[in-house]
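*Asks:* below are the sequence and a predicted model; questions follow.
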Amino acid sequence: MVTRPGDTLVLFLLIGVIFYLIWKKLLDLYPTTKEPDEEIEGEVPDLLRQHGYEVVGEKERILFDIGYGGRQYASRLFIDYFARREDAWYIVIVARSRKPVRESGAGLRDFFLPYYLLYRPDAILYVDREQGTIKEIEFDIPDVSFQKNKHVLFYLAPVLLILFAAVFILL
């Protein structure tokens with residue numbers, strides 16, 4: 001096979017672009033959070049710090065749409081704070097008197113599961129500011145999902161095949 005002077009350069013550029021896209025995909029699978037510029041103040045963050053948590057974010061509103069029966073409905077979830085302790089990440093929900101939590105399996109599921117499924121934290125912290133308590137909610141859910149995210153090897157295999165083909169062609 002005849003190679004032209006620019007073939008090798010184009011081949012390495014293509015391989016570089018493929019590696020870049022794979023790297024970007026891997027970074028999306030493991031998001032990082034920014035450190036807060038200034039310490040978050042308030043009664044709840046102080047309570048969390050007393051219990052050994054570090055508050056790293058606050059007040060997040062997640063907007064989403066729900067399609068049902070051919071109609072679209074707007075909805076939202078509110079997260080009060082994000083915290084961490086050692087290598088564990090937590091979503092913090094502050095108790096509100098107008099929206100009490102039923103302490104039963106179904107009540108806890110209905111209230112906290114959407115938050116867990118949205119972020120997949122290590123646990124959810126439910127803070128009762130009046131009583132000064134923090135309750136940790138953990139979910140143990142088996143992996144029964146449809147595999148929408150492909151494994152890293154799915155992206156790496158074509159790159160390796162192209163790389164081997166390129167080496168074979170150049171030799």
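*Replies:* Good, I have the coordinates. Note that the coordinates shown come from a computational prediction; the quantities given were computed from them, not determined experimentally.

*Asks:* so how far is Asp122 from Val56?
*Replies:* According to CB to CB, to the nearest Å, Val56 and Asp122 sit 13 Å apart. Every residue, glycine included, has its C-beta placed from N, CA and C.

*Asks:* for Leu27, that is, sorry about that
*Replies:* In terms of CB to CB, Leu27 sits 20 Å off from Asp122.

*Asks:* before we move on, which element is Lys25 in?
*Replies:* helix 7-29 (DSSP states H and E).

*Asks:* ok, and what's touching that helix?
*Replies:* For helix 7-29, the external contacting residues (CB atoms under 8 Å, 6 or more residues apart in numbering) are Asn149, Val152, Tyr155, Leu156, Pro158, Val159, Ile162, Leu163, Ala166, Leu170.

*Asks:* what about the fifth one, how many neighbours?
*Replies:* When you say that, I think you mean Pro158. By other CB atoms under 10 Å, 11 other residues sit near Pro158.

*Asks:* what's the closest non-adjacent residue to it?
*Replies:* Take Pro158 and drop its neighbours on the chain: the residue closest to it by CB to CB, 6 or more residues apart in numbering is Ile18, 7.5 Å away.

*Asks:* hmm, back to that, looking at Leu27 and Asp122, which one has more neighbours?
*Replies:* Ranked by neighbour count (other CB under 10 Å), Leu27 and Asp122 place Asp122 first, with 15 against 10.

*Asks:* could you measure from the closest residue to that one other than its chain neighbours over to Pro114?
*Replies:* Distances taken as CB to CB, 6+ apart place Ala88 nearest to Asp122, at 4.0 Å, with adjacent residues excluded. Ala88 sits 20 Å away from Pro114, going by CB to CB.

*Asks:* same question for Pro45.
*Replies:* Counting by CB to CB - Pro45 and Pro114 are separated by 23 Å.

*Asks:* and the residue nearest the centre of the chain, what is it in contact with?
*Replies:* Centroid-nearest residue in the chain, with CA atoms, centre = their mean: Tyr119, separated by 4.6 Å. Going by CB under 8 Å, 6+ apart, Tyr119 touches Trp89, Ile91.

*Asks:* repeat that for 10 Å
*Replies:* Going by CB atoms under 10 Å, 6 or more residues apart in numbering, Tyr119 touches Pro31, Glu60, Ile62, Ile79, Phe82, Trp89, Tyr90, Ile91.
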